[in-house]
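*Asks:* model the structure of this input:
(one chain, ligands or ions: 1)
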Amino acid sequence: MTRIDLTGQQFGRLTVLEYASRNPLNGNANWLCRCECGNEVVVDGYRLRKGQTQSCGCYRAEVSRKNIMTQEKTRAQMVKHHISEKAHVDGMTVLRSTNSSGVVGVSFDKQSSKWVARMMYEGHLVLNHQFHSFEAACGARFAAEERYIGSEKLNKARQAQMVKMARRQTRSLRTNQAVAVGK
Ligand SMILES: [Zn+2]
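*Replies:* Okay, here's the model as predicted:
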């Protein structure tokens with residue numbers, strides 16, 4: 001297989017410095033690149049040419065931060081709705097009462113007085129961490145969603161979630177009293 005020399009070429013934020021190695025898994029050439037932020041990374045040449053890798057990872061991190069900020073606004077709107085719901089975590093049914101966050105996967109633990117961020121992915125608990133601040137817990141949850149679900153699917157999932165929440169809100173207005181008494 002002939003190797004296309006990418007030395008000196010620019011792909012997004014990355015400038016190719018030199019040939020690094022051959023990827024033993026797919027036979028592609030790996031290239032040493034310098035990112036605009038100063039990091040040096042070795043990237044698969046195929047991914048470079050296809051535009052799949054355009055930074056050392058700093059670009060993706062920036063996008064995630066922006067997403068978290070826009071999702072913060074969405075959260076603020078959701079919190080207004082005072083939603084109660086049951087979430088299944090590790091087979092246990094955890095009741096999230098109306099004093100919880102309103103953000104799926106983030107709840108307040110009264111015993112420790114901390115915010116807990118959780119996420120289930122393909123049947124596994126991939127996130128279970130306590131935070132002092134609500135924002136930090138939301139940040140962790142959103143970052144996990146971004147990591148495991150990906151932004152494209154996530155947007156669809158969020159839309160579906162909003163629809164579900166709107167429906168549930170109507171229902172919870174009727175059942176809130178029952179939930180409070182039955183606890
Ligand atoms: Zn970078």
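*Asks:* what parts of the protein come near the ion?
*Replies:* Cys35, Cys37, Asn39, Ser55, Cys56, Cys58 (Cβ under 5 Å from the ion). Yep, even glycine has a C-beta here, placed from its N, CA and C like the rest.
*Asks:* check those and tell me the two furthest apart.
*Replies:* Asn39 and Ser55 (8.5 Å; Cβ to Cβ).
*Asks:* the most centrally placed residue in the chain: helix or strand, and which one exactly?
*Replies:* In the chain, the residue lying closest to the centroid (Cα atoms, centre = their mean) is Glu146, at 2.3 Å. Counting by DSSP states H and E, the element that carries Glu146 is helix 134-149.
*Asks:* tell me the domain ranges of this structure?
*Replies:* Per automatic domain parsing, the domain ranges recorded for the chain read 10-56, 67-182.
*Asks:* what about the shortest one, start to end distance?
*Replies:* This means domain 10-56. 13 Å (Cα to Cα, to the nearest Å).
*Asks:* centre of the chain to it, how far?
*Replies:* Chain-centre distance of domain 10-56: 25 Å, with Cα atoms, centre = their mean, to the nearest Å.
*Asks:* for Cys37, see how far away the closest residue to Ser21 other than its chain neighbours is.
*Replies:* In space, and not counting its chain neighbours, Ser21 is closest to Asn30: 4.8 Å by Cβ to Cβ, 6 or more residues apart in numbering. Between Asn30 and Cys37 the distance is 20 Å, computed by Cβ to Cβ, to the nearest Å.
*Asks:* phi, psi for His132 please.
*Replies:* phi -70, psi -40 (degrees, to the nearest 10).
*Asks:* run a quick neighbour tally on it.
*Replies:* 10 (other Cβ atoms under 10 Å).
*Asks:* isn't it right up against Ala117?
*Replies:* No. Counting by Cβ atoms under 8 Å, His132 does not reach Ala117; the two are 11.9 Å apart.
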